[in-house]
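Colleague: Predicted model and sequence follow; I will ask about them next.
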Amino acid sequence: MATRRPPSHRVQPRPTTPRESFIGQLLDPIDRLSETLFSILILLTFTMAFGVFKLGGDPKQMTSAEYSTELLIAALSATFAWGLIDGVMYALFAVFERGEKHRLLKRIQDASTHEESVDAIADELDHILEPITSLERRKLLYTDILEHLHDGHPQPVKFNRYDLAGALGCVLVAVIAVLPSLTPFVLFRNHYELALRASNLVSFGVLFYSGYQWGKHSGSNPFKTGLLMFVIGLVLVLIAILLGG
């Protein structure tokens, strides 16, 4: 199962606009796109493995509407479980990140000299700023940061409503992202193999679109990013087919 990256921007609520969607207020674009990509990849893996483990990979058995319905329910349940697990990890990482900031602030305030306080800040930021700034500029910046932090009061390290809202967003995006891919199992419920291949095609489209949007948001080539995600999905399906899926 894919693992969630550490949250680098989740502790504070993001500014929203009146036109922003409900889910857009819960998760930022990268979190929404990554959740969508993970969910579709998990769905592809799940649907292709279903025929192997449930039916032994025998295509002659994949004709009953019973199998389509069973797969539909199982895939939706698995996706919901993935979203729930990922939502819990989202909230935990947010709390852990606040704990790290609490630790840094305490280290600064407990330092016995100005140099120790600056060193504490440098330990946190040097790996980011060293390639793009000079030592003198970094010291000035760290001193300025120190003036703002020295008398600060750390926030309680506990779950807050923004963590819970983000966790809810993970569940919603995970489920909503796979609904188009599950639709063929409703439309072609009497033709399991047709429904499976149609679902794969829809998943490829969602992967390409999500990768394209990721590329636009991150500044990379949207078409190449979308194509990369499409190829990843295609490789998963080809491997599953070779194994009898």
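Modeller: Yep, it's here.
Colleague: The closest residue to residue 26 other than its chain neighbours: what's it in contact with?
Modeller: Excluding the flanking residues, the one nearest residue 26 by CB to CB, 6 or more residues apart in numbering is residue 169, at 3.1 Å. To be clear about C-beta, it is placed using only N, CA and C from the backbone, and glycine gets the same treatment. Counting by CB atoms under 8 Å, 6 or more residues apart in numbering, residue 169 touches 23, 26-27, 31-32, 35, 87.
Colleague: and the least confident of those residues?
Modeller: Within the set of those, pLDDT is lowest for residue 23 (67).
Colleague: hang on, the earlier thing: who wins for most neighbours among the contacts of residue 169?
Modeller: Neighbour counts for these, by other CB atoms under 10 Å, peak at residue 35, which reaches 28 neighbours.
Colleague: what helix or strand is it on?
Modeller: Element membership for residue 35, per DSSP states H and E: helix 29-55.
Colleague: With residue 133 instead?
Modeller: Counting by DSSP H and E, residue 133 is part of no helix or strand.
Colleague: And the lengthiest helix in the chain, how far out from the chain middle?
Modeller: Criterion DSSP state H: the longest helix present in the chain is helix 65-110. On the basis of CA atoms, centre = their mean, to the nearest Å, helix 65-110 sits 9 Å off its chain's mean C-alpha point.
Colleague: now the angle between helix 29-55 and that helix, please.
Modeller: Between helix 65-110 and helix 29-55, the angle comes out at 140 degrees (axes from the mean of the first three to the mean of the last three CA atoms, to 10 degrees).
Colleague: ok, then the element right after the helix or strand where residue 127 lies?
Modeller: Counting by DSSP H and E, the element that carries residue 127 is helix 114-129. Per DSSP H and E, helix 114-129 leads on to helix 135-149 as the next helix or strand towards the C-terminus.
Colleague: check contacts around residue 222.
Modeller: Residue 222 is in contact with 211-216, counting by CB under 8 Å, 6+ apart.
Colleague: Now render the residues you listed as a markdown table, adding distance to residue 223, pLDDT and neighbour count.
Modeller: Putting the contacts of residue 222 into a markdown table (distance: CB to CB, whole Å; pLDDT from 0 to 100; neighbours: other CB atoms under 10 Å) gives the following:
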| residue | distance to residue 223 | pLDDT | neighbour count |
| --- | --- | --- | --- |
| 211 | 9 | 87 | 26 |
| 212 | 7 | 89 | 20 |
| 213 | 12 | 87 | 18 |
| 214 | 12 | 84 | 22 |
| 215 | 7 | 86 | 20 |
| 216 | 10 | 85 | 16 |
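Colleague: Pick the one among these closest to residue 242.
Modeller: residue 211 (24.0 Å; CB to CB).
Colleague: Name the nearest residue to that closest one, ignoring sequence neighbours.
Modeller: Counting by CB to CB, 6+ apart, residue 229 is the residue found nearest to residue 211 once chain neighbours are left out, at 3.3 Å.
Colleague: Would you mind confirming that the one you found makes contact with residue 207?
Modeller: Yes - between residue 229 and residue 207 there is a contact at 4.2 Å, judged by CB atoms under 8 Å.
Colleague: Just send the contacts of residue 222 back as a markdown table, with secondary structure and distance to residue 44 too.
Modeller: As requested, these are exported to a markdown table (DSSP: H, G, I helix; E, B strand; the rest coil; distance: CB to CB, whole Å):
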| residue | secondary structure | distance to residue 44 |
| --- | --- | --- |
| 211 | helix | 14 |
| 212 | helix | 18 |
| 213 | helix | 19 |
| 214 | helix | 17 |
| 215 | helix | 20 |
| 216 | helix | 23 |
